[in-house]
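# coordinates only, sequence not included:
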Ligand SMILES: [Zn+2]
Ligand SMILES: [Zn+2]
């Protein structure tokens, strides 16, 4: 379903890496070092195939001083309005998505586990 991504400069299709950037997913070509934004094509949810997706802030966290979790940076994560409904509501309340959250929009396995009621892939949400 995903369109094939090729480098607009040299046509490389395999040696490509993606990284989140403020404008979307930035692709870098390993052959000629060109970079461009992938999001010319609309993204779809990996779990349900829907296109009703939202990008939300993601907290990059690490344990400092033993057990205290501190936010060391922010990134972004893609959430599906139906499959990631709970996390979307959590995020809309002004909280960042935890780093450990597995987005159903990006990870079909996580979405299907959640749909079956298997909570192993779910993150513990604390107030
Ligand atoms: Zn290239
Ligand atoms: Zn979905």
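Ah, there it is. For clarity, every value in this text was computed on a predicted model and none was experimentally measured. Ligands and ions are numbered 1, 2, ... in the order given.
# all strands of this structure, in order?
16-21, 24-29, 35-37, 53-64, 68-80 (DSSP state E).
# so which of the ones you listed is the most surrounded?
Most buried of those, by mean neighbour count (mean count of other Cβ atoms under 10 Å): strand 24-29, with a mean of 17. For glycine as for every other residue, the C-beta is placed from the backbone atoms N, C-alpha and C.
# in its sheet, what does that one sit against?
strand 16-21 (antiparallel), strand 35-37 (antiparallel) (DSSP bridges).
# still on that earlier bit, which one of the strands of the chain lies closest to residue 109?
strand 68-80 (13.9 Å; Cβ to Cβ).
# the closest one packs against which elements?
Packing partners of strand 68-80 (3 or more Cβ pairs under 8 Å, 6 or more residues apart in numbering; DSSP states H and E): strand 53-64, helix 85-92.
# again, 10 Å this time
For strand 68-80, the packing partners by 3 or more Cβ pairs under 10 Å, 6 or more residues apart in numbering; DSSP states H and E come out as strand 16-21, strand 24-29, strand 53-64, helix 85-92.
# adding distance to ligand 2 and mean pLDDT, write the ones you listed out as a markdown table.
Shown next, in a markdown table, are these (distance: least, Cβ to the ion, whole Å; pLDDT from 0 to 100):
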| stretch | distance to ligand 2 | mean pLDDT |
| --- | --- | --- |
| strand 16-21 | 19 | 88 |
| strand 24-29 | 18 | 88 |
| strand 53-64 | 8 | 86 |
| helix 85-92 | 9 | 95 |
